[in-house]
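Enquirer: How does the following fold in three dimensions:
(one chain, ligands or ions: 2)
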Amino acid sequence: MDSLHLYNTLSSQKEKFEPINPPFVGLYVCGPTVYSHVHLGNCRTFISFDLVNRYLRHLDYKVRYVRNITDAGHLENDSDEGEDKISKKARLESLEPMQIVQTYSLDFHEKMAIFNTLPPDIEPTATGHIVEQIEIIKNIIEKGLAYEVNGSVYFDVIKYSESNNYGELSGRKIDELLSGTRDLDAQEEKRNPLDFALWKKASPAHIMRWNSPWGIGFPGWHLECSVMSTKYLGETFDIHGGGMDLKFPHHECEIAQNKAANGQHAVKYWLHGNMLTFEGKKMSKSLGNSILPEELFTGDHPLLNKDFHPMVVRFFMLQAHYRSTLDFSNAALEASEKGFYRLMAAIKQIDTLPISEENEVDVESYSKSFYQAMNDDFNSPILIGHLFDLVKTINSAADGRIKVTQDAVNQIKVLVNHFVFDVLGLKPADEDGNQDLVNGLMDLIIEMRTRARQSKDWSTSDAIRDQLNSLKIVVKDGKEGVTWEAQ
Ligand code: AMP
Ligand code: ZN
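Expert: Ligands and ions are numbered 1, 2, ... in the order given. Below you'll find the predicted structure:
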């Protein structure tokens, strides 16, 4: 494809990308609910949209990337009942809710940086936009599409459906939804079980609470994204992204809120990333099958054979198309590891390729195929496939089996910089820190300690242990030999 096409979940079709106000592009992605560490599944979604953001920027669009932090209003089971996820964690740990928010926002940012994702341009929080959320609720009540009952405000789905198609994004049908609803607490407050909360009255135990025209309460989960996306990107904007699991009810409700408030769709293209699975099941905290990035980097997890570098993990994720599920396994990661290092090794060779007067490398056709892959709905696995063709060519040029001119080498370098580093966002594994050097030195120190112990030189072996302890390095003598761990 000669120009960017993307799959719009709203139309269930690939569409040519035509920004509302080129060269500007508004991109909104639902961010994390910061009540626990981000797991690899969450990371996959953010890496998928990092690819989208990076490619749009590579195409020279002036992107404004907004990704929120959900720090209030997201209740257990994604429903309108139960405890707020953040207050619950605060209660269990006897902490202030904002301490929970701070702890896990920092963790999220740290992990995003390790995976080399570009930070958003604006990162708004739900608690920072209570005033705006109250305003949109007032607006929806005025339009007659929401009602107040007992200090809570609900969106009137049935009334909305009279002139709108509730279910247009997720493909759900009102009748089927109705027959599938369970009797939940406080549903009797609602005119209809499908109605969803815009504002909830806070019970005395609910510690995250704000004043509103309807009494003390807190905003519904779906509201913040409608409010913050349009506040920073305009009443209509280009791309809204998030994980597939957010299509319903979260994004469906977002559409309803926007249309109720402004009479139109806010979003031109809806993009949804597919799930990271483990043995076929969605990786999630509640299923107990989630793996934390840290566990992968250290290999310290019962399901892992070994540790993996963050760039290997990023590469593994990009080897699947963002709309396909990706199953996590040791074997798949080990295969990605081999591929990643093969790619990086070839890139390292570019500077030392033997130069000829003749050229047998068609850089132009590589460039074309790279753009075609990415223009086809950000198809990173196809791009990576083409990159491996280039790897073969580079290796052949290194062996002198293919001739290449200095000019062609320069073009290859530019292409690799653009696609491997800028677009895929990969970087050589040895770039950040001197892990190989540290490993080598630790091997040496452990060897000296072992020799000291063998010759019963306890003062030397104790001194080594104490010095390492002062550097927060613990040496363990196990069945499989001596290991060490930095704490
Ligand atoms: P949450 O913090 O639960 O609101 O989720 C943050 C983001 O992670 C959302 O966009 C989810 O769709 C996404 N997500 C959750 N689990 C997975 C998974 N197993 N694979 C991919 N994305 C996920
Ligand atoms: Zn959202």
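
Enquirer: okay but Thr9 is in contact with Lys268, surely?
Expert: No. Between Thr9 and Lys268 there is no contact under Cβ atoms under 8 Å: 11.9 Å. For the C-beta atoms, the positions are set from N, CA and C on the backbone; glycine is no exception.

Enquirer: Any part of stretch 14-32 near ligand 1?
Expert: Yes. Contact of stretch 14-32 with ligand 1 is found when judged by Cβ under 6 Å from any ligand atom, involving Cys30, Pro32.

Enquirer: And that stretch, what's buried?
Expert: Taking 16 or more other Cβ atoms under 10 Å as the basis for neighbour counts, the residues of stretch 14-32 that come out buried are Phe17, Pro19, Val25, Gly26, Leu27, Tyr28, Val29, Cys30, Gly31, Pro32.

Enquirer: would you list those in JSON lines and tack on secondary structure?
Expert: Compiled in JSON lines, the buried residues of stretch 14-32 are given as follows (DSSP: H, G, I helix; E, B strand; the rest coil):
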{"residue": "Phe17", "secondary structure": "coil"}
{"residue": "Pro19", "secondary structure": "coil"}
{"residue": "Val25", "secondary structure": "strand"}
{"residue": "Gly26", "secondary structure": "strand"}
{"residue": "Leu27", "secondary structure": "strand"}
{"residue": "Tyr28", "secondary structure": "strand"}
{"residue": "Val29", "secondary structure": "strand"}
{"residue": "Cys30", "secondary structure": "coil"}
{"residue": "Gly31", "secondary structure": "coil"}
{"residue": "Pro32", "secondary structure": "coil"}
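
Enquirer: Name the helix or strand for the residue in the stretch 301-450 of the chain that ligand 2 sits nearest to, please.
Expert: Relative to ligand 2, the nearest point of the stretch 301-450 of the chain is Tyr322 (17.4 Å; Cβ to the ion). Secondary structure from DSSP states H and E places Tyr322 outside every helix and strand.

Enquirer: One more: Met112?
Expert: When elements are assigned from DSSP H and E, Met112 belongs to helix 97-114.

Enquirer: and the closest residue to the residue of the stretch 301-450 of the chain closest to ligand 2 other than its chain neighbours, how many neighbours?
Expert: In this structure, Tyr322 finds its nearest non-sequential neighbour in Ser48, 3.9 Å apart by Cβ to Cβ, 6 or more residues apart in numbering. Under the neighbour criterion other Cβ atoms under 10 Å, Ser48 is assigned a count of 29.

Enquirer: okay, Ser48: pLDDT?
Expert: Reported pLDDT at Ser48 in the predicted model: 98.

Enquirer: who touches it in this structure?
Expert: By Cβ atoms under 8 Å, 6 or more residues apart in numbering, the contact list for Ser48 reads Gly241, Gly273, Met317, Tyr322.

Enquirer: Name the SS class of the first one, please.
Expert: Secondary structure state of Gly241, per three-state DSSP, is strand.

Enquirer: Let me see the contact set for Met442.
Expert: By Cβ under 8 Å, 6+ apart, the contact set of Met442 is Ile473, Trp484.

Enquirer: That one and Lys479, how far apart?
Expert: 19 Å (Cβ to Cβ, to the nearest Å).

Enquirer: Show me where the stretch 101-250 of the chain has its helices.
Expert: Residue ranges of the helices in the stretch 101-250 of the chain, as given by DSSP state H, counting those that start in this stretch, are 130-142, 157-163, 174-180, 223-233.

Enquirer: so can I have JSON lines of those showing mean pLDDT?
Expert: Converted to JSON lines, the helices of the stretch 101-250 of the chain look like this (pLDDT from 0 to 100):
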{"stretch": "helix 130-142", "mean pLDDT": "98"}
{"stretch": "helix 157-163", "mean pLDDT": "97"}
{"stretch": "helix 174-180", "mean pLDDT": "81"}
{"stretch": "helix 223-233", "mean pLDDT": "98"}
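
Enquirer: Done for today, thanks.
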